[in-house]
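Visitor: what follows is a predicted structure for the sequence shown.
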Amino acid sequence: QKEVEQDPGPLSVPEGAIVSLNCTYSNSAFQYFMWYRQYSRKGPELLMYTYSSGNKEDGRFTAQVDKSSKYISLFIRDSQPSDSATYLCAMSETSYDKVIFGPGTSLSVIP
Amino acid sequence: GAGVSQSPSNKVTEKGKDVELRCDPISGHTALYWYRQSLGQGLEFLIYFQGNSAPDKSGLPSDRFSAERTGGSVSTLTIQRTQQEDSAVYLCASSSSWGQGETQYFGPGTRLLVL
């Protein structure tokens, strides 16, 4: 079993839809959780960062962490064609540990 | 420059040849990371540098892989005797210090194809 699992998609939604992206993990010691967005032929860019359980909101993006279920989510409201990208979840045990990435979910937002 | 740069952007080589991949981190960033991204796979950690030192080389797949960093700036990842399974995108990232993994800034990557 991989440490971090993520449905690769592709996920296709109409513009304006709410998108839910999810990751599960096996290491209960993970405390730092991140979501990266990667456009085609570009490097990943950090979208959201959360510590421990709970929710964090930034504009149209909301990150949720449920450590009891070892499950994290990223919600995108009012999705736009510019949100079309691959979304990678990532996590680490402490801020001094290497970051473990999920394989990414490919998202297409159709105008 | 404003961001992390990598060169070459694309590299095609023959099996058995050596390749060198270069990373220029953001000016002033002391931590530098190398990852490999294969189709359908997540980013695979290879190595990181704090300054010119590489405390964690655990991710290097084999002894054909090596990396160095000079002057606390530019880093080179070298793959000797390349194999077809080395084909991937090699990504470099930098951050202001180790211990802030959440603030890694990535370069665009080098796409390596081994024929």
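Guide: Everything's here; your move.
Visitor: what residues does the helix or strand of chain B with the lowest mean pLDDT touch?
Guide: None of the helices or strands of chain B scores lower by mean pLDDT, DSSP states H and E than strand B:53-56, at a mean of 87. Residues from elsewhere that reach strand B:53-56 (CB atoms under 8 Å, 6 or more residues apart in numbering or on different chains): A:98, B:47-48, B:67, B:69. (C-beta placed from N, C-alpha, C; glycine too.)
Visitor: just among those, which is most surrounded?
Guide: residue B:48 (28 neighbours; other CB atoms under 10 Å in any protein chain shown).
Visitor: in the sheet, who's paired with the nearest residue to residue B:57 once chain neighbours are set aside?
Guide: Residue nearest to residue B:57 in three dimensions, not counting chain neighbours: residue B:47, with 5.2 Å by CB to CB, 6 or more residues apart in numbering or on different chains. For residue B:47, the beta-bridge partners under DSSP bridges are residue B:34.
Visitor: pretty sure residue B:47 sits against residue B:67.
Guide: Yes. Contact criterion CB atoms under 8 Å: residue B:47 and residue B:67 qualify, at 5.1 Å.
Visitor: overlap of the contact sets of the two?
Guide: Counting by CB under 8 Å, 6+ apart, the residues touching both residue B:47 and residue B:67 are B:34, B:54, B:57, B:60, B:77.
Visitor: can you pull the contacts of the fourth one?
Guide: Read that as residue B:60. Residue B:60 neighbours (CB under 8 Å, 6+ apart): B:46-47, B:66-67.
Visitor: now those in JSON lines, with pLDDT and distance to residue A:12?
Guide: Listed next are those as JSON lines, based on pLDDT from 0 to 100; distance: CB to CB, whole Å:
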{"residue": "B:46", "pLDDT": "94", "distance to residue A:12": "33"}
{"residue": "B:47", "pLDDT": "93", "distance to residue A:12": "37"}
{"residue": "B:66", "pLDDT": "96", "distance to residue A:12": "42"}
{"residue": "B:67", "pLDDT": "96", "distance to residue A:12": "39"}
